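[1] give me a 3D structure for the following:
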Amino acid sequence: MLAGVNAVGKVVVPLNYRVAYAFLHREGMRKGEAEQLTWPDVNLAKGMVALDENKTDRPRSWVLDAGVLRMLRAWHAMQGKPKAGPVFVDIKWDKLPPTYRDHCTAVGIHRARLFRKKANKLR
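    Next comes the predicted model:
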């Protein structure tokens, strides 16, 4: 998924989604928190992220995984080193689950659990 290519090597997952997926997978942040994450929330020098507002209304911060930090530094540079604004741009957050499943299919991931339909699945 993170390479974003299909079986013949064609890029089928846009880079902005790959960056968001990598962050969400490794850091375990909630989708809504990631959607609201801005560059001032991320300290690239210290390798930390801080959330003042979240589901529990309790501020929290943590040290980023070294690989995630390298990725965010590169992503920040690619975005022109913004001082403000969202970290993850051009993501359709309201459609993230079906988009994720589509991206999984596109790169050849066919994990049954992702596609199983139940009353509480595929919302």
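[2] how about the strands in this structure?
    42-43, 48-51, 60-63 (DSSP state E).
[3] mean pLDDT and distance to Leu2 for those - can I get that in TSV?
    Where C-beta positions appear, they are placed from N, C-alpha and C, glycine not excepted. Putting those into TSV (pLDDT from 0 to 100; distance: least, C-beta to C-beta, whole Å) gives the following:
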stretch	mean pLDDT	distance to Leu2
strand 42-43	96	19
strand 48-51	91	19
strand 60-63	87	21
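[4] quick one: terminal-to-terminal distance for stretch 16-35?
    Separation of the first and last residues of stretch 16-35 by C-alpha to C-alpha, to the nearest Å is 12 Å.
[5] what sits up against it?
    With C-beta atoms under 8 Å, 6 or more residues apart in numbering as the test, stretch 16-35 has contacts from 1-4, 13, 37, 49, 51, 54-55, 62, 64-65, 67-68, 71-72, 75, 86-91, 93, 96, 99-100, 103.
[6] run the last query once more with 6 Å
    Stretch 16-35 has contacts (C-beta atoms under 6 Å, 6 or more residues apart in numbering) with 2, 4, 51, 54, 65, 68, 71, 75, 88-91, 93, 96.
[7] need the pLDDT of the most centrally placed residue in the chain.
    The geometric centre of the chain, computed from its C-alpha atoms, lies nearest to Ala20 (C-alpha atoms, centre = their mean), at 1.9 Å. Note for Ala20: predicted pLDDT of 97.
[8] and the gap between it and Lys31?
    Distance, Ala20 to Lys31, by C-beta to C-beta, to the nearest Å: 9 Å.
[9] what about the helices in the protein?
    Here the chain has its helices, by DSSP state H, at 15-27, 31-36, 66-78, 96-107, 112-115.
[10] the third one packs against which elements?
    In this structure, helix 66-78 packs against helix 15-27, with contacts taken as 3 or more C-beta pairs under 6 Å, 6 or more residues apart in numbering; DSSP states H and E.
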